[in-house]
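Enquirer: I need the structure of the sequence given here:
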Amino acid sequence: MARIVWRATQLPLRASLAFCAVWLAPTVIFNGAVWGESDSIWTFFTLVSVALFMRDRNGVASFALAFSMKAQGVFLDPSCSA
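Expert: Next up, the predicted model:
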């Protein structure tokens, strides 16, 4: 998330705050401890896909892994972007 914010804003403070906000979010801690990190894994591959697409690289493989973990990934379908 920090890399995505850095790429979008070029402000190191905002990138650091984004990193801390995601890392310390109660849902991240709760999901990791209680649900066996399945949501964390899906979110990781989703963010990798977004980061790759922002760099004009192919992020379809990581999107496919995110979608295979949780079908909710269809809402981030790269083929639907303009």
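Enquirer: does Ala15 touch Val5 like I think?
Expert: Yes. With contact defined as CB atoms under 8 Å, Ala15 reaches Val5; the gap is 4.7 Å. All C-beta atoms are positioned from the backbone trio N, CA, C, and that covers glycine.
Enquirer: what helix or strand is Phe67 on?
Expert: helix 60-69 (DSSP states H and E).
Enquirer: mind checking which helix or strand the spatially most central residue of the chain is in?
Expert: For the chain, the residue sitting closest to the mean C-alpha position, by CA atoms, centre = their mean, is Leu47 at 2.0 Å. Per DSSP H and E: Leu47 is located in helix 38-54.
Enquirer: roughly how far does Gly73 sit from Leu24?
Expert: 24 Å (CB to CB, to the nearest Å).
Enquirer: look at the two and report which has more neighbours.
Expert: Legend: neighbour count by other CB atoms under 10 Å for Gly73 and Leu24, higher for Gly73 (19 against 9).
Enquirer: not counting its neighbours along the chain, what's nearest the more buried one?
Expert: Take Gly73 and drop its neighbours on the chain: the residue closest to it by CB to CB, 6 or more residues apart in numbering is Phe67, 3.9 Å away.
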